[in-house]
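Undergrad: the following block contains a protein sequence and its predicted model.
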Amino acid sequence: MAEATQELLTTADGRPLKAALAAAQSRAKRRAFFLVLPLLLFIILTFLVPIGYMLKRSFEHDGFASSAPALVAWFGENRGFDPADPPEEAYAALVEDLARMQVEKTTGMAGTRINYSVPGSISMFKKGAREAKNLTPPFRDSLIAIDPEWASPALWRGMASASHVYTTEFYLVASDMKLNDHGWARGEDKERIYLYLFFKTFVISGIITVLCLLLAFPVSHLLATLPMAKSSLLMIFVLLPFWTSLLVRTSAWIALLQEQGVVNDLLVGLGLVSDEGRLTMMYNMTGTIVAMTHVLLPFMILPLYSVMRVIPPSYARAARSLGATSWTTFRRVYMPQTLPGIAAGSLLVFILAVGYYITPALVGGADGQLISNLISFHMNKSNWSLAAAIAGMLLAAILALYWLYDRLIGIDRLKLG
Amino acid sequence: MTASAGTGDAAFVEFDGVQKSYDGQTLVVKGLNLKMPKGEFLTMLGPSGSGKTTCLMMLAGFETATNGEIRLNGRNINQVPPHKRGIGMVFQNYALFPHMTVGENLSFPLEVRGMAKSDREARIIRTLDMVQMGKFVNRRPAQLSGGQQQRIALARALVFDPELVLMDEPLGALDKQLREHMQFEIKHLHESLGITVVYVTHDQGEALTMSDRIAVFNDGRIQQLASPADLYERPENSFVAQFIGENNKLPGVIEELNGDKALVRLANGELIDATAVNAKEKGGKTLVSIRPERVEFKPEMMPEGAHMIGAEVIEVIYMGDILRAVLKVAGTDDFVIKMRNTLGQTRLSPGQKIKVGWHPQDARALDP
Ligand SMILES: Nc1ncnc2c1ncn2[C@@H]1O[C@H](COP(=O)(O)OP(=O)(O)O)[C@@H](O)[C@H]1O
Ligand SMILES: [Mg+2]
């Protein structure tokens, strides 16, 4: 027996079994591949290409590299120059490039690029470019005469770095780093907005996720246990938000929660708060949390419901017959079985919340803004690379979260509905 | 005679005029009276939808009786919540907690009773050994076969030493061989532990082999409550006769009624003697019930005083250990007799005209 299995197995006509199997299956595999090909192309075109392009953009900016050829060439030849004291040739190249920028109208582009790492550079570049053709050697002194900052080591470091098209600078900027005279360092506390906003976005998303879970759990349980007719009716109420415009729903919250809104009027009417003491529940963090919890609630209910629906009632009965109170039954028997739904719903709501844009933009006011609103702000200002870098960091954070979920619960147990 | 085991003050479980309605329009359980002494193995047997599970759920506390009283050990438990009743229960789909190991499943009822860890472990091992599953403490239910899950469910229902154990079609999902083996084991556990068992099944074979007494359910009522032998040999109405075992029924009219003796005129005009069981009045319609194995067709084997009647063989079915012949008798063409498949057995063939007969005691005149 043992010897026989060592031999290569063959088909009746003597071909090796493996090859015969592969040949028999290859046709079916080819056909299956052609069937999914259109979908594959669609996904690549609409999903992978834009994300790839976005990620590329976060590492790429040629605003300075393309408009300052003389300096780029000089930086290429003098890699080890001392930014604290660049030689006269470097200043000469800079003046030549400034003059060219004025002619080619690329000053803004170049200045913007340097401005990311060295704030205030734009105005220097504009002024420098206007005067460049009138400057006389020695260029170092004449430039410093316009603005002493032209000798700043931070500026020269910034220009040297910007002479490359590809850079990680935008990620450094998005992590609240700044270029000073000695290189990259953490910015001053009051200027550190990005990481703080990331942190705030995650905290608010966490709060929204917990609120959604608390609200969705009893609703899903009802949906899963009510008789069919009643549960269908309830399901319509759950899905109703999907049929109304997001703007309408958000406006409804404004009408409810603003200072002259329904809730405040009611509270004043009941004498619970005084007319001067009306609560501020709109255009701040509270508004963002309330409105987003409402918008995202169905995304928690649906996965929870799909898990709860298939938990047979006999488990709870078994636990009760074994002597458990209803609370123990819930805690030790029912709840653990809903964990895949809890995890799936929480993951979904959290990820959606972290990237949510429109609701905080409408009701967030000053302190209810999230990281997406900052991305949108930079996009409106055409700061594409910086916006892309922040989005890239957000993507990395979400992927990390996903990985964590896979490690702790297992992606194969994800039940989304 | 049939209620001998369940009379007196010793009733451990008692249903007293219990009625149940789910929708407020129809009664699913229609006035149930039942007394069970301690240590009895009682089976509720009946077709699907006859209200067996409902009765069990009321006893366990998951459904409330619409009317009437349920007493355990003489105490009314209508208002006692399920977790305070201390009743062990085995569910049809086992209901083992999928997120716990076998050991944790068994530990659960002990933990909620606040038992110390060392006591728990000893108890769990002892109970698992009782069902020969000692090696499986750390498995999850999903890693066990149906029969093994069944044993664990049984062990879990027994581990906290309940005096009363309820089982709702516990063997329904097992194959025939395993089912028969488990029947034997459950019966054995019942005897060695001295527990009281209420067992629900729709399988009459299971009920006959396992029970001390059987309550035959139909349409929300107990049709007959008796020991297996009484039930089989002395069914009190045609539903029970029909539901338990194989049964030949001959429709007829009562010509004469004299104590428990009746003279019945069959559909073809022939007169036969029968034992009156459920035939109330002269001139009334009746169904005469005769078990196939009590019908004889060889003249030399005919019991004394037997009534002979003409029959025509319609078909003979070979079943291995026995041969089953379907006959046309007194206008009825589904009259069955059974013959042991022995070497010298007479072989009947379709179309053959024979005479069949039985002792009048075996012909029971029941309700139509
Ligand atoms: N939860 C329930 N709600 C409404 N009707 C029910 C419910 N459970 C059972 N019934 C009805 O009660 C009758 C008896 O059911 P059941 O006790 O499960 O019978 P069995 O266990 O003998 O098959 C059936 O007609 C069934 O449809
Ligand atoms: Mg049932």
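TA: All right, it came through fine. Ligands and ions are numbered 1, 2, ... in the order given.
Undergrad: for the residue in the stretch 201-350 of chain A positioned nearest to ligand 1, which residues are in contact?
TA: When C-beta to the nearest ligand atom is the measure, the stretch 201-350 of chain A has its nearest residue to ligand 1 at residue A:227, with 9.0 Å between them. Heads up, the C-betas are built off the backbone N, CA and C, glycines and all. Listed by C-beta atoms under 8 Å, 6 or more residues apart in numbering or on different chains, the contact set of residue A:227 is empty.
Undergrad: then residue B:263?
TA: By C-beta under 8 Å, 6+ apart, residue B:263 lies in contact with B:254-257, B:271-274.
Undergrad: neighbours around residue B:298, how many?
TA: The burial count assigned to residue B:298 is 13, neighbours taken as other C-beta atoms under 10 Å in any protein chain shown.
Undergrad: helix, strand, or coil at the residue nearest to it when sequence neighbours are not counted?
TA: Once its chain neighbours are removed from consideration, residue B:298 has its nearest residue in residue B:346; the separation is 6.5 Å (C-beta to C-beta, 6 or more residues apart in numbering or on different chains). Residue B:346 carries the three-state label coil when classified by DSSP: H, G, I helix; E, B strand; the rest coil.
Undergrad: and residue B:95, by the same measure?
TA: Residue B:95 carries the three-state label coil when classified by three-state DSSP.
Undergrad: just the one 3 residues further on next, same as before
TA: Secondary structure state of residue B:98, per three-state DSSP, is coil.
Undergrad: for it, which non-adjacent residue is closest in space?
TA: Residue nearest to residue B:98 in three dimensions, not counting chain neighbours: residue B:141, with 5.6 Å by C-beta to C-beta, 6+ apart.
Undergrad: for the one you found, give me the backbone phi and psi.
TA: Dihedral angles of residue B:141 (phi, psi; degrees, to the nearest 10) stand at phi -50, psi -40.
Undergrad: count the residues that sit near it.
TA: Residue B:141 is flanked by 20 other residues according to other C-beta under 10 Å.
Undergrad: was I right about it contacting residue B:95?
TA: No - counting by C-beta atoms under 8 Å, residue B:141 stays clear of residue B:95, with 9.6 Å between them.
Undergrad: one step back: if I pick the residue nearest to residue B:98, what's in contact with it?
TA: For residue B:141, the contacting residues are B:94, B:96-98, B:102, B:105, B:149, B:152, taking C-beta under 8 Å, 6+ apart as the criterion.
Undergrad: same thing but 10 Å
TA: With contacts defined as C-beta atoms under 10 Å, 6 or more residues apart in numbering or on different chains, residue B:141 is in contact with B:94-102, B:105, B:148-149, B:152-153.
Undergrad: list the contacts for residue A:14?
TA: Contacts for residue A:14 (C-beta under 10 Å, 6+ apart) come out as residue A:20.
Undergrad: likewise for residue A:139?
TA: The contact partners of residue A:139, taken as C-beta under 10 Å, 6+ apart, are A:88-96, A:98, A:132, A:150.
Undergrad: repeat for residue B:180
TA: Residue B:180 makes contact with B:171, B:174, B:205-206, B:209, according to C-beta under 10 Å, 6+ apart.
Undergrad: any idea which of the residues you listed is least confident?
TA: Among the contacts of residue B:180, residue B:174 carries the weakest pLDDT, at 87.
Undergrad: my guess is it contacts residue B:186. True?
TA: No - assessed by C-beta atoms under 10 Å, residue B:174 is found out of contact with residue B:186, at 11.7 Å.
Undergrad: before we move on, the earlier item: tell me the pLDDT at the residue nearest to residue B:98?
TA: We note a pLDDT of 94 for residue B:141 in this prediction.
Undergrad: again, but for residue B:273
TA: For residue B:273, the predicted pLDDT is 88.
Undergrad: pretty sure it sits against residue B:361.
TA: Yes - in this structure, residue B:273 is within contact of residue B:361 by C-beta under 10 Å, at 9.2 Å.
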